[in-house]
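Novice: Just a sequence and a predicted model for now, questions to come.
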Amino acid sequence: MEHFTSFDGSDIAFLDEGTGRVVVLLHGFASDHRGNWVATGVIAAFVAAGRRVVAPDARGHGRSARPHDPASYGDDAMVKDVIALFDHLGVDEVDLVGYSMGSLISAKVATCDDRVRTLVLGGVGGSWAGEQRPQNGNALADALETDDPSSIDEPIPRAFRAFADSTGSDRLALAACQRSDRGEHAELSSIAVPTLVLTGDKDTLAGPPETVAKRIPGARFEVVHGNHLTVGKDPEFTRHLVSFVTASR
């Protein structure tokens, strides 16, 4: 892992492998670069396709800074981290791939940084229209902070608490992230790069991808097998990511 200092002094860790055109991968909430991209074989597939892959751990996650103050995640902090990463890498253009929370960040980055050349939004769909937090952040934060996981009644917060426990995440940092005003609305209609929206057929959290694809000019969508937490294990998920990005150049 390498590290750089982001716009506000926070330490951001990232994996940097391979050579060639740069692909930046942004993971989902309560995961990290390993869970979303190493364990699923996505990084290995991009490297094999002749790409340089950069996969950061978002603030609050993995080996990056994990503040417990919600203000540290507000005002598009994660978006600014990605832009600062581009600056640190000294790149002129990138292919940007996000999953779930990473897709929310990626969509906003694509509307404000013209170094993004192609975009993949994984794990989003349904009624999502570019808002940074489509789910109930306070309910998730409550679930992450409780000492008694058996007291969590709502299925989505219960699932994310179990996931955070399974990954050994800093639950208080994740709760702070959910309690923050993370960012502003991303105007999906203003995304002007080739875009793929990709979800699992059992992903009831995200919903169908075609509704989001219709909001982005010229976007494509694909459905593969899996739910929100398992879709990355389907080889078709990786195949669609790599083929879309490499075919778009």
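Specialist: Cool, got the structure. Here the structure is a predicted model, which means the values were calculated and not measured. Numbers count the residues shown, from 1 in each chain.
Novice: ok, the most centrally placed residue in the chain to residue 26 distance?
Specialist: Closest residue to the average C-alpha location of the chain: residue 102 at 1.4 Å, with CA atoms, centre = their mean. Remark: distance between residue 102 and residue 26 (CB to CB, to the nearest Å) = 3 Å. Heads up, the C-betas are built off the backbone N, CA and C, glycines and all.
Novice: anything in contact with each of the two?
Specialist: residue 58 (CB atoms under 8 Å, 6 or more residues apart in numbering).
Novice: coming back round to it: do I have it right that the residue nearest to the centre of the chain meets residue 28?
Specialist: Yes: counting by CB atoms under 8 Å, residue 102 does reach residue 28; the two are 5.7 Å apart.
Novice: Between the two, which contacts overlap?
Specialist: residue 36.
Novice: roughly how far is stretch 78-93 from the heart of the chain?
Specialist: 15 Å (CA atoms, centre = their mean, to the nearest Å).
Novice: CA atoms only for that stretch, dumped as PDB, please.
Specialist: C-alpha atoms of stretch 78-93 as PDB (Å, rounded to 0.1, in the frame of the first residue of the first chain):
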ATOM      1  CA  MET A  78     -14.600  11.700  -0.300                       C
ATOM      2  CA  VAL A  79     -15.000  13.400  -3.700                       C
ATOM      3  CA  LYS A  80     -12.200  15.800  -2.900                       C
ATOM      4  CA  ASP A  81     -10.100  12.800  -1.800                       C
ATOM      5  CA  VAL A  82     -10.500  11.200  -5.300                       C
ATOM      6  CA  ILE A  83      -9.600  14.500  -7.000                       C
ATOM      7  CA  ALA A  84      -6.600  14.800  -4.700                       C
ATOM      8  CA  LEU A  85      -5.600  11.300  -5.700                       C
ATOM      9  CA  PHE A  86      -5.700  12.200  -9.400                       C
ATOM     10  CA  ASP A  87      -3.500  15.100  -8.600                       C
ATOM     11  CA  HIS A  88      -1.100  13.000  -6.600                       C
ATOM     12  CA  LEU A  89      -0.800  10.500  -9.400                       C
ATOM     13  CA  GLY A  90      -0.200  13.200 -12.000                       C
ATOM     14  CA  VAL A  91      -2.600  11.700 -14.400                       C
ATOM     15  CA  ASP A  92      -4.300  13.400 -17.400                       C
ATOM     16  CA  GLU A  93      -7.100  10.900 -17.700                       C
END
